[in-house]
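S.K.: give me coordinates for this.
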Amino acid sequence: MWNYKTPGIPDEFFERAEKVPITKEEVRTIQLSKARLKIGQTVYDIGCGSGSISVEASFQIESNGKVLAIDYDENAIELTKKNLKKFNLSNVSVIFGNAKEKILDLEEADVIFIGGTGGDTAEIVKLSENKLKSGGRIVIGTILIETLYSVLQILDKLKFNSIDITQVTISKSRKTTTGTMMLARNPVTIISATKV
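M.R.: Purely as a prediction, here's the structure:
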């Protein structure tokens, strides 16, 4: 299905569902690069939505690595499962439930992605610190300014360094009857950091 080592699977390759978010292709590639993934790592995808990060991370860490995809929305869980099947991936475990509860029982991770979490991102970042190996990476995608602020506050208090903030605004082309226009998407702020 995807025969390339580089990330950036086009969004249209993924199964989609109304009201289940997807991390868009270009934003996804930046998040994956900020994670600095290696073969054989253990990765969490918290707030997995459509599973696009889980799918891409799975390819990067290869079959001896492991992705734990977590979401509290049953529709997101089903969609993630469909996408994993579509891409023929077997190194991803899909976990239904509240990440604040489920994360406590998980093994340590090398990398943690945090996406759509329903407003408790800072709390999940705090819990993630205890589950992240020393030298591990955390990558958080935010849209709301309030989420960005709360995440930066908590990262400042925890044992993280190399904190990087990158805001991206992507425009994609669309053909019209008279030519091609560029349509802007919502800006996304990506926060990444390393656990000391």
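S.K.: OK, contacts around the residue nearest to Arg185 when sequence neighbours are not counted?
M.R.: The shortest distance from Arg185 to any non-neighbouring residue, by CB to CB, 6 or more residues apart in numbering, is to Ile170 (4.9 Å). Where C-beta positions appear, they are placed from N, C-alpha and C, glycine not excepted. Neighbouring residues of Ile170 by CB atoms under 8 Å, 6 or more residues apart in numbering: Lys24, Glu26, Val27, Ala184, Arg185.
S.K.: do the same with Ser63
M.R.: For Ser63, the contacting residues are Ser90, Asn91, by CB under 8 Å, 6+ apart.
S.K.: list the buried ones in the longest strand along the chain?
M.R.: With secondary structure taken from DSSP state E, the chain has its longest strand at strand 132-142. For strand 132-142, burial by neighbour count (16 or more other CB atoms under 10 Å) applies to Leu132, Gly136, Arg137, Ile138, Val139, Ile140, Gly141, Thr142.
S.K.: right, and the third one touches Asp110 too?
M.R.: Yes. Shown here, Arg137 and Asp110 form a contact pair, counting by CB atoms under 8 Å, at 7.4 Å.
S.K.: where does this structure dip in pLDDT?
M.R.: Scanning the chain for pLDDT under 70 picks out 116-118.
S.K.: all helices for it, in order.
M.R.: Shown for the chain, the helices assigned by DSSP state H span residues 25-35, 52-61, 74-86, 99-102, 121-131, 145-157.
S.K.: how much space separates Gln167 from Gly119?
M.R.: Distance, Gln167 to Gly119, by CB to CB, to the nearest Å: 20 Å.
S.K.: can you count the residues close to the nearest residue to Leu89 once chain neighbours are set aside?
M.R.: Of all residues not flanking Leu89 in the chain, Ser58 sits nearest, at 4.7 Å (CB to CB, 6+ apart). Ser58 has 24 neighbours, counted by other CB atoms under 10 Å.
S.K.: surely Ser58 and Asn91 touch.
M.R.: Yes. The pair Ser58 / Asn91 is scored as a contact, 5.5 Å apart, by CB under 8 Å.
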